[in-house]
Structure formats: C-alpha cells, structure tokens
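build me a model:
(one chain, ligands or ions: 1)
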Amino acid sequence: MTSLPPSLPPLQVTRWQIVARGLTNRCPNCGARTLFQTGKLFEMAPACPQCGLKIERDEGFFLGSMSLNYGFTVVVFLTPILIMAFHGVIAPAPAFIIGGIGAVVVPMLFYRSSRSWWLMNYYFVLPQHLPANQASRPGGEDENT
Ligand SMILES: [Zn+2]
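Okay, the predicted model is just below:
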C-alpha cells in the first residue's frame, strides 16, 4: 500500500494573483509596477527594485513574448482588417495601408504587455519558482529555480 506524500503549505502568491499581476504589467512576485526601467518604453529592468525578483533572463527566454506579440497582432488586428476588406467593408487600398501601419504600430503598443504576459505564463505554470513562494516551501523541493 502506498501512502500519499505530505501536502505542501499553500502558496504565498496564488496563480490568480500571478495572472492579475501579469495582465496589469506588474511584478509577479510583489505586484509593484517595476517590470520596465523608469523613463524607457522598451527596456526591462534587470530586477524588480521592490523585491529583487530577477526579471532579466537568459537570451531566448522572451522569444515566447515575441510569438505572443506576433499572434496578437495577426489575430486581433490584421485578420479583422483582412475580413473587412474581403467583404467590402473597407476598400483594398486603405485596408492595405491600415494593415501595413498597424503591423508596425500594434506590436510596439503591445510590447510591454507581451513581456509581462510571458512572465505571467512562466510563473502561472511554475508558481513555486517565485521567491515569495519559496519561503513557504521546504528546501530542495525544486532544483530548477
Ligand atoms: Zn517585485
């Protein structure tokens, strides 16, 4: 007969808090608005000045956010333009111009959110990697942090 492993203490930061913080571009660990450097639009902070969570990651970590940004632009912006042009709601020439300009502007506008959403995605799947959640966990549970 097998016995169940002892239950772990509850997480300090729940998955729903991680989602709420991610959707509002906040630090997943402490909830502060510190993901990006002050006064700069596109540069992430190396670490959260509030709690010290390492935000800067290995090269390639944020490739997922680029895919997210691309998918968002295609699904939310370009596809509706294409459908409207196909059905004659917009003439082809203006649709082409709007689509071309939007293909550049929409990813720029969504850049910060795509980074935050990707970080949210990571910690939603692995909430035990957040420093705030490691304090309530026994040592050695997860070596991938
Ligand atoms: Zn923080």
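
for this protein, which helix is longest?
helix 92-125 (DSSP state H).

give the buried residues for that helix.
By neighbour count with 16 or more other C-beta atoms under 10 Å, helix 92-125 contains the buried residues 95, 98-99, 102, 106-107, 110-123. Yep, even glycine has a C-beta here, placed from its N, CA and C like the rest.

do stretch 17-33 as well
Residues 17, 18, 19, 21, 22, 25, 26, 27, 28, 29, 30, 31 are the ones in stretch 17-33 that count as buried (16+ other C-beta under 10 Å).

does any part of it sit near the ion?
Yes - when contact is scored as C-beta under 5 Å from the ion, part of stretch 17-33 falls within range of the ion: 27, 29, 30, 32.

now the buried residues of stretch 17-33 as TSV including distance to residue 11, pLDDT and secondary structure?
Formatted as TSV, these follow (distance: C-beta to C-beta, whole Å; pLDDT from 0 to 100; DSSP: H, G, I helix; E, B strand; the rest coil):
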residue	distance to residue 11	pLDDT	secondary structure
17	9	96	helix
18	9	96	helix
19	13	97	helix
21	13	96	helix
22	15	96	helix
25	21	93	coil
26	17	95	coil
27	16	95	coil
28	12	95	coil
29	12	94	coil
30	14	93	coil
31	14	93	coil
